[in-house]
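**Q** Provide a 3D model corresponding to the input given below.
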Amino acid sequence: MFRISTRALALALACGMSALLALSNADAQQTPGMQMPIRQVFERSVQVIDDDLLRLSSMADRAIADSVKALAERNADLARQISNNDALLNESRYAIEEHCYTLIATQQPNATDLRVLV
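**A** Below is the predicted model:
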């Protein structure tokens, strides 16, 4: 929701509706306590997804290294531990996927942004 000031209304009457929208957006970005603009919310959410993907890839990399080690050393306990941790990897993957779906549904990204998510 935009908070329209008297100054914005006067400018809109003088210059047209596009000036009103531009000033309202600028006011919303500068007013303390107001919600952050949609684009910033989207970019922050994409950054969180990127961080989660890096964390997931690190976990998968570690699982592969441990799997090779367990196979080379014929370590059944390590293999069981890796198998048990696989559920955590899957859980992380599905959480990231769900976050992407939620972001697509709530932010309605344009084609370029959608390619980043997909």
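**Q** make it CA atoms for all contacts and neighbour counts henceforth
**A** Will do.
**Q** buried residues in the longest helix along the chain?
**A** Longest helix in the chain, counting residues (DSSP state H): helix 38-73. The neighbour-count check on helix 38-73 (16 or more other C-alpha atoms under 10 Å) flags 42, 45-46, 49, 52-53, 56, 59, 63, 66-67, 70 as buried.
**Q** Pick out whichever of these sits closest to residue 92.
**A** Nearest to residue 92 among these: residue 56, at 6.8 Å, using C-alpha to C-alpha.
**Q** Can you list the buried residues in the strand or helix carrying residue 87?
**A** Assessed by DSSP states H and E, residue 87 sits inside helix 76-107. For helix 76-107, burial by neighbour count (16+ other C-alpha under 10 Å) applies to 78-79, 82, 89, 92-93, 96-97, 99-100, 103-104.
**Q** which pair in the residues you listed spans the largest distance?
**A** Taking C-alpha to C-alpha as the measure, those span a maximum distance of 38.9 Å, between 78 and 104.
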